[in-house]
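>>> Got a sequence here, can you build the structure:
(2 chains)
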2 protein chains.
Amino acid sequence: MLIATPQSMPFEAALPLQSGASIRGYSLSYETYGTLNADKSNAVLICHALNASHHVAGVYAGQDKSEGWWDNMIGPGKPLDTNRFFVIGVNNLGSCFGSTGPMHVNPDSGQVYGADFPVVTVEDWVNAQARLLDALGIQKLAAVMGGSLGGMQALSWTLQYPERVAHAVVVASAPNLTAENIAFNEVARRAIVTDPDFHGGHFYQHGVIPKRGLRIARMIGHITYLSDDVMNEKFGRKLRDAATRGELQDYLYSTQDVEFQIESYLRYQGDKFAEYFDANTYLLITRALDYFDPARSHGGNLTQALARATCKFLLVSFTTDWRFSPKRSREIVKALLDNKRDVSYAEIDAPHGHDAFLLDDARYMRVVSSYFDSVEKEITA
Amino acid sequence: MLIATPQSMPFEAALPLQSGASIRGYSLSYETYGTLNADKSNAVLICHALNASHHVAGVYAGQDKSEGWWDNMIGPGKPLDTNRFFVIGVNNLGSCFGSTGPMHVNPDSGQVYGADFPVVTVEDWVNAQARLLDALGIQKLAAVMGGSLGGMQALSWTLQYPERVAHAVVVASAPNLTAENIAFNEVARRAIVTDPDFHGGHFYQHGVIPKRGLRIARMIGHITYLSDDVMNEKFGRKLRDAATRGELQDYLYSTQDVEFQIESYLRYQGDKFAEYFDANTYLLITRALDYFDPARSHGGNLTQALARATCKFLLVSFTTDWRFSPKRSREIVKALLDNKRDVSYAEIDAPHGHDAFLLDDARYMRVVSSYFDSVEKEITA
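Just a heads-up that it's a prediction; the model follows:
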């Protein structure tokens, strides 16, 4: 079993941000798995999505159930094989799992950042990740890989540091968010910001947490991660557990009690999330999603925008993913092909919606596995 | 121009409700348009959806912009022609537009109902509407018609009072909600219920309104009423108005200010709704949506459930409606055909999502118009 050890890298020098602001005296939490080879050519960077972290694979010593969020994908003998690759997981700036974020002290003011944490973008995260690679002595990545928002970072790597990436694996992602995606993010943010316990983002010093808002935000998120089909299959119109056990088969006729299993599922997910996730981080990360749009500085022309990318690509999408639909991945594929880039693309017929990128699917795993076989061949060639 | 006059009908006798509770001393607001013919055979009842009312068509005297919510469909010379039909709009029990609802006084306690207003179902509404028809001296409807939740009521009429309905027009509806539908309703309800200004539903006596929750509820609703396509077309990734005017083309880099037009649209819709809609009504009406499921008492067999219906049907759905998709209408059509009922079905290729049932579309209007031609022929035959 792979044992993971979280590490932290401090950075004193100011990192200039896309907004014009900068951040100094920050640190990034990260983990590495496997061994960096002699010529440092087998490093793979994993970028995380909204609520994930640097803990990508393995478990922590003595904590059996602490598997990393992509542990089914990454580890010894897995599709991204840590016996062959040196894999790096990093927690992004502004997150709440160890790297410097809104709950930390701003060295300039001596106060907790709270809502004053600078707005960070996908591009800023990639710059911060590049500095981490510098510190680790890694000049060029064998591959950068991510799903969803992590896929946006992987794509952005190929544009910001084309010479430092040999391959990009972009899973269940998009070249930008649609209006509907932004709309869901906005509702979630409004739920948090209008929670009286948010205190304008400075709730830490009030000793409260805007849990009401976080719960709503997470419930909305969960609906969009699943497909309509899988929700019907898993929950359908099944009544609460007591009814399933045969204790009370009828409706309760209540607007506030749980009637349907889908309701208790969502409430449970919301409650759990509100216990561990930071409200300011939620705002920052959803905003980074909204902002990402590499075609924007090219008048909306994605083909032009992606001309800078020189590496090889694997894109994967899932048929029932309505948050980052296959159509959006195909836009990236087309723009890369327009630029005559080397692109593999797999559209996996899976029922699980956006969540599919985190789940086991034999075809999905095989696609990634064989792609990394070819990545390895180039390294050892 | 059709001038509408709201009326109110009091009911002293207790109405037994599906939950086992009952309600007495209530009144229903309603409007009528056109003239009831001598044999009272040209009456058409319109059932409303979530946030609509008895004000279906025409304008109020001296208020030019007070068009009823289905004024494009109903009026002199319109698809449902008030020169030929006697049309009745009725506000449902528990609503907040005139009929007895949570903001009124419970005659049993002398207190405002608030959260103690009894839970009402689609079936209860239909029973209340049947009593209104009794009071108006109308034994049989030429047609009952509704869209969305209103379509559920129209369908339920054909099951509860098959002998009192000659035709049912069921638009953009479904035989029940999917898990995803229930999920969206549940998030909206949690946003309202967890708003500290909700006070367990008794906010009236605190002199406050749970506007935060109502705003979130409405924003979620609006996302689901529109299609992804129409949202992209209308808003896409367009920046706030100032940027459109050329004043500031760049991102503001803010998590709380409006960056995208879709955000200001949703905030505006949310603010407007929170000004006029009652929070307890929102809970009641979304719950009525959740509960509706005529196949439930038939082991999920819709064909069996619809065997009671004897009238003729027109069903209409819209291709981009993902809240009440064409698939759901087709389930009703199939169950009716299994019972050898007379069913017309139109699937309109429209880009506007669920909202399409309220919008002008020449093909949609023609379908309804010619259906009512045939309804009229039967009356005058």
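
>>> A:Ile348 contacts A:Met365, correct?
No. Taking contacts as CB atoms under 8 Å, A:Ile348 lies outside contact range of A:Met365: 10.0 Å. Bear in mind the C-beta positions are built from the backbone N, C-alpha and C, glycine included.

>>> Could you check which of these two has the larger neighbour count?
Neighbour comparison, A:Ile348 and A:Met365: the larger count goes to A:Ile348, with 22 against 17 (by other CB atoms under 10 Å in any protein chain shown).

>>> any idea of the pLDDT on that one?
The predicted structure scores A:Ile348 at 98 on the pLDDT scale.

>>> Could you pick out the longest helix of chain A?
Scanning chain A for the longest helix, with DSSP state H as the assignment, gives helix A:362-380.

>>> name the helices or strands packed onto that one?
Contacts defined by 3 or more CB pairs under 8 Å, 6 or more residues apart in numbering or on different chains; DSSP states H and E place helix A:362-380 against strand A:80-81, strand A:167-171, strand A:312-318, strand A:343-348.

>>> what is the rounded mean pLDDT of it?
On average, helix A:362-380 scores 96.

>>> what angle sits between it and strand A:312-318?
Orientation of helix A:362-380 against strand A:312-318 (axes from the mean of the first three to the mean of the last three CA atoms, to 10 degrees) gives an angle of 170 degrees.

>>> Alpha carbons of helix A:362-380, as PDB, please.
Output of helix A:362-380 as PDB, limited to C-alpha atoms (Å, rounded to 0.1, in the frame of the first residue of the first chain):
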ATOM      1  CA  ALA A 362     -12.600  -0.200 -17.200                       C
ATOM      2  CA  ARG A 363     -12.600   1.600 -20.500                       C
ATOM      3  CA  TYR A 364     -11.600   4.900 -19.000                       C
ATOM      4  CA  MET A 365      -8.800   3.300 -17.000                       C
ATOM      5  CA  ARG A 366      -7.600   1.400 -20.000                       C
ATOM      6  CA  VAL A 367      -7.400   4.600 -22.100                       C
ATOM      7  CA  VAL A 368      -5.400   6.400 -19.500                       C
ATOM      8  CA  SER A 369      -3.200   3.400 -18.800                       C
ATOM      9  CA  SER A 370      -2.200   2.900 -22.500                       C
ATOM     10  CA  TYR A 371      -1.700   6.600 -22.900                       C
ATOM     11  CA  PHE A 372       0.900   6.500 -20.100                       C
ATOM     12  CA  ASP A 373       2.500   3.500 -21.700                       C
ATOM     13  CA  SER A 374       3.300   5.700 -24.700                       C
ATOM     14  CA  VAL A 375       4.400   8.500 -22.400                       C
ATOM     15  CA  GLU A 376       6.800   6.200 -20.700                       C
ATOM     16  CA  LYS A 377       8.200   4.800 -24.100                       C
ATOM     17  CA  GLU A 378       9.100   8.400 -25.100                       C
ATOM     18  CA  ILE A 379      11.000   8.900 -21.800                       C
ATOM     19  CA  THR A 380      13.000   5.700 -22.000                       C
END
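
>>> if I look at A:Ser317, how far off is A:Asp229?
16 Å (CB to CB, to the nearest Å).

>>> and those two? which has more neighbours close in?
Under the neighbour definition other CB under 10 Å, A:Ser317 and A:Asp229 were set side by side, and A:Ser317 has more, 28 against 15.

>>> these two touch, right, A:Pro294 and A:Ala305?
Yes. Contact status for A:Pro294 versus A:Ala305: in contact at 4.4 Å, counting by CB under 8 Å.

>>> Phi, psi for A:His48 please.
phi -100, psi 160 (degrees, to the nearest 10).

>>> no, scratch that, I was asking about A:Ser29
According to degrees, to the nearest 10, A:Ser29 has phi -80, psi 140.

>>> Please name the residues that touch it.
Going by CB atoms under 8 Å, 6 or more residues apart in numbering or on different chains, A:Ser29 touches A:6-8, A:53-54, A:90-91, A:97-99.

>>> Repeat the analysis, applying 7 Å as the threshold.
With contacts taken as CB atoms under 7 Å, 6 or more residues apart in numbering or on different chains, A:Ser29 has the following neighbours: A:6, A:8, A:54, A:91, A:97-99.

>>> swap in A:Cys96?
By CB under 7 Å, 6+ apart, the neighbours of A:Cys96 are A:103, A:277-278, A:281.

>>> Having no further points to raise, I will conclude here.
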